[in-house]
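Participant: mind looking at a prediction? Sequence and model below.
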Amino acid sequence: MRKVPALDHDEQVRRLSEVAEVRVVDCLDVCEQANVIVVRPSREGRAAGGRPVWLGLVNQAEAADDIAAWVRAGGPGLADPPDILGLYMISPPRRISPKR
């Protein structure tokens, strides 16, 4: 079962796959923020100081278009995200290491 049943997940993946490598995973440890998308910088973007950007509650079809446009423009480190994506930005989860 998908976390957000009203969203066409396959279409969201298809749209994003047109501009970037997409990896679908079961869990990113922020279930309450589903659908979560992490936009990683390109090699050039990382060299320019870009870091991964976490987006949560990406549950509108149009959001995939906004993300794709940002990636086409260069993505993290090379292009500012569209203002609308500021509404989706979240902090990555803190990973808790198992006690030894």
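Facilitator: Here it is on my side, so go on. Numbers count the residues shown, from 1 in each chain.

Participant: any weak-confidence spans in the chain?
Facilitator: 1-2, 96-100 (pLDDT under 70).

Participant: make it 80
Facilitator: Counting by pLDDT under 80, the ranges of the chain that qualify are 1-5, 95-100.

Participant: apart from its chain neighbours, what residue comes closest to the residue sitting nearest the centre point of the chain?
Facilitator: Centroid check for the chain by Cα atoms, centre = their mean gives Ile37 as the closest residue, at 2.4 Å. Leaving aside its chain neighbours, Ile37 sits nearest to Leu55 (4.7 Å; criterion: Cβ to Cβ, 6 or more residues apart in numbering). Backbone N, C-alpha and C define where each C-beta goes, glycine included.

Participant: can you name the residues bridging to the one you found?
Facilitator: Ile37, Met89 (DSSP bridges).

Participant: Arg72 against Val19, yeah?
Facilitator: Yes. Under the criterion of Cβ atoms under 8 Å, Arg72 makes contact with Val19 at 5.5 Å.

Participant: got a list of what the residue nearest to Ile37 touches?
Facilitator: 36-39, 63, 67, 85, 88-90 (Cβ atoms under 8 Å, 6 or more residues apart in numbering).
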